[in-house]
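In: Take a look and give me a structure for this.
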Amino acid sequence: MLRPWQVKFWLEDSPGKTLHSKLLNKLTSDIKAGRLVSGSMLPGTRPLANQLGINRKTVQQVYEELEAQGWLITKPRCGTFISHNLPEQGLSDQNEQIVNQKINTTSPSALLDSLYQNALNPLDEVPITNDGIPDTRLIPYELLARTYRRICINLSRSSNLGYGDPRGTDELRHSVKNMLCSDRFMNCTLEQICIVRGSQMGIYLTSKILNPSKGVMVVEELCYAAAKAAFESNGFKVVKCKLDNKGLCVDNLRDILANNNVAGVYVTPHHQYPTTVCLSMDRRLSLLSLSREYNFAIIEDDYDHEFHYAANPIPPLASLPHSENVIHIGSMSKVFAPGLRLGYIAATSQFIERAAKEIVLIDRQGNTISEHVLSDLMESGEVKRHIRRTRKQYQERRDHAANEFHRVFGSSISFEVPSGGMAIWVNISKLIQGKDLKSLNNKDSTLSASYTDEKVTSTHLRFGFGAISKTEITESIEKLSKVLKLCPKES
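Out: Coordinates of the predicted model:
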């Protein structure tokens, strides 16, 4: 259809925190105001995306949402049009109040809202998309497919796909117990293991079970935002503890304990998130000692233990003496891919039973098929073989990223080569001194200010090397160099 004029849109003055919400609000407001009349044709998703400089998928999602609400109608092989029967049009004042009436709900925190929007629109405004995630291209998908098929057949034939233990299948709990005892020096029983859908669910369950009336929750001053949001959503006041090149500052924690009742301390000791530093052994022992003295829980987020490149990594807190207050949380998502939602909690049997009661209220139990598949792969040694293969590749990518940073930036940046994990913490303070750097148009790099809710100037960035190849690492670092060199001077 030939149109004499192209409809133009301007999103700068549209309300909303994301491009998705801005475009959604702009289209509905233009329809209500009469700028877009019933029956008129909208631009195609690709032309509109090019006009606004956004991702086409965002436009498609907005069109689909507005069509579901009744604002738009799509005609096959013709295009998208403004509906003739618009919602909330021609209603009496009384009926309009009924239509617009909202159920009273508690408002999410700004942090939770930001995390949610980031999850919905991973391509908008280049949010945190690669801050140390694994490369899903390395998944042994043929092996997984064969195992899933075999497990599905066996479970179906044995009528073993009904309701089960909310703590998880005995098979996977047994496999996880063996792994923790053999590989991580932990001494635990089957009753001390609970299977969850990734480490985030483990963190949320823990924050739900612990009692905020017993005290505050202490987190590292730069930390995993989703964990902080979970604690806050369950009523905890969050207090930040200082960090240095040895991890959590125990001396600062002592000051916090002297001035606050503390219910728990959340730490990422193996590879601190986001700085990648490893909590030293003397601080681990001091933290455990303080936990016994002040009777607070230690939430140990061991999110990527498998990817440590030194010969002998420091054992987890949960494996050390006097670790009875430690709640150890781990994930298999980093081993394969975030889409494989399997993790675990290791704690006292009383805590695990309490967690299982919460799981009954959430979804009754986990995914029986996936749990049997993972257990089968663990028992056959395939998981260990996959870790061994990918660990070598991730180590090569880490070394390549370190070399490329030195080649491209020289002495203008500095960093310590991490002993494990899938990211590098780079000091860019000399490079950006006197410059106004508020954001980075680079999906593999995240500014340090993103890991705190305080208004601070970024001095570091976290570069994720795990999910990209060596060629892609070089391209990303060279692009990053151009972005940093072009950032404007402070006014």
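In: pull the CA atoms of the helix or strand hosting Val218 into CSV?
Out: Using DSSP states H and E, Val218 maps to strand 216-220. The C-alpha trace of strand 216-220 is given here as CSV (Å, rounded to 0.1, in the frame of the first residue of the first chain):
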residue,chain,number,x,y,z
VAL,A,216,20.0,-6.8,59.0
MET,A,217,21.4,-8.6,56.0
VAL,A,218,25.1,-7.8,55.2
VAL,A,219,26.2,-7.9,51.6
GLU,A,220,29.5,-6.9,49.9
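In: Neighbouring strands - and their directions - for it?
Out: Here strand 216-220 has these sheet partners by DSSP bridges: strand 238-241 (parallel), strand 262-267 (parallel).
In: Export those as a markdown table, with columns for mean pLDDT.
Out: Shown next, in a markdown table, are those (pLDDT from 0 to 100):
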| stretch | mean pLDDT |
| --- | --- |
| strand 238-241 | 97 |
| strand 262-267 | 97 |
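In: thought Lys470 was touching Tyr394?
Out: No - using Cβ atoms under 8 Å, Lys470 makes no contact with Tyr394, being 11.4 Å away. For glycine as for every other residue, the C-beta is placed from the backbone atoms N, C-alpha and C.
In: so who does Ala318 touch?
Out: By Cβ atoms under 8 Å, 6 or more residues apart in numbering, Ala318 lies in contact with Leu180, Arg184, Met186, Cys188, Glu300, Val326, His328, Ala346.
In: show me where pLDDT drops low in this structure?
Out: 1-5, 88-105, 117-129, 311, 436, 439, 441, 486-491 (pLDDT under 70).
In: what about the spatially most central residue of it, distance to Cys278?
Out: With distances taken as Cα atoms, centre = their mean, the residue of the chain nearest its centroid is Ala226 (6.6 Å). Plainly put, Ala226 is 22 Å away from Cys278 if you go by Cβ to Cβ, to the nearest Å.
In: could you pull out the strands for the stretch 101-250 of the chain?
Out: Secondary structure of the stretch 101-250 of the chain by DSSP state E, counting those that start in this stretch: the strands cover 193-196, 216-220, 238-241, 243-244, 247-248.
In: Tell me the gap between the last one and the middle of its chain.
Out: Once both centres are worked out by Cα atoms, centre = their mean, to the nearest Å, strand 247-248 turns out to sit 21 Å from its chain's centre.
In: Please name the nearest non-neighbouring residue to Ser333.
Out: Nearest in space to Ser333, with sequence neighbours left out and distances taken as Cβ to Cβ, 6 or more residues apart in numbering, is Gly198 at 5.3 Å.
In: correct me, but the one you found touches Ile345?
Out: No - look at Gly198 against Ile345 with Cβ under 8 Å: they stay out of range, at 11.2 Å.
In: and these two? which has more neighbours close in?
Out: More crowded of Gly198 and Ile345, by other Cβ atoms under 10 Å: Ile345, with 28 against 22.
In: Bridged to the more buried one, which residues?
Out: Per DSSP bridges, residues listed as beta-bridge partners of Ile345: Cys194, Ile329.
In: Cross-check the contact I'm expecting between it and Val326.
Out: No - counting by Cβ under 8 Å, Ile345 does not reach Val326; the two are 10.9 Å apart.
In: mind checking how far Asn427 is from Asp453?
Out: 22 Å.
In: now do Leu279
Out: 23 Å.
In: Of the two, which one has the most company?
Out: Per other Cβ under 10 Å, whichever of Leu279 and Asp453 has more neighbours is Leu279, with 23 against 15.
In: Figure out the helix or strand that that one lives in.
Out: Counting by DSSP H and E, there is no helix or strand that carries Leu279.
In: which ones are touching it?
Out: Lys246, Gly247, Leu248, Val267, Pro269, His270, Gln272, Leu287, Ile314.
In: Going by neighbour count, which of these are buried?
Out: Among these, those classed as buried by 16 or more other Cβ atoms under 10 Å are Gly247, Leu248, Val267, Pro269, His270, Gln272, Leu287, Ile314.
In: Let me see the backbone angles for the last one.
Out: Per-residue torsions, Ile314: phi -70, psi 140 (degrees, to the nearest 10).
In: Please enumerate the helices of the stretch 251-400 of the chain.
Out: 281-294, 349-362, 368-379, 382-409 (DSSP state H, counting those that start in this stretch).
In: what's the closest of the ones you listed to Leu112?
Out: Closest to Leu112 of the helices of the stretch 251-400 of the chain, according to Cβ to Cβ: helix 349-362, at 17.4 Å.
In: ok, now how distant is the nearest residue to His305 once chain neighbours are set aside from Ser419?
Out: Residue nearest to His305 in three dimensions, not counting chain neighbours: His270, with 5.4 Å by Cβ to Cβ, 6+ apart. His270 is 9 Å from Ser419, where distance means Cβ to Cβ.
In: so what sits against both of those two?
Out: Counting by Cβ under 8 Å, 6+ apart, the residues touching both His270 and Ser419 are Cys278, His308, Pro313.
In: list the contacts for the last one?
Out: By Cβ under 8 Å, 6+ apart, the residues touching Pro313 are His270, Cys278, His305, Ser419, Gly420.
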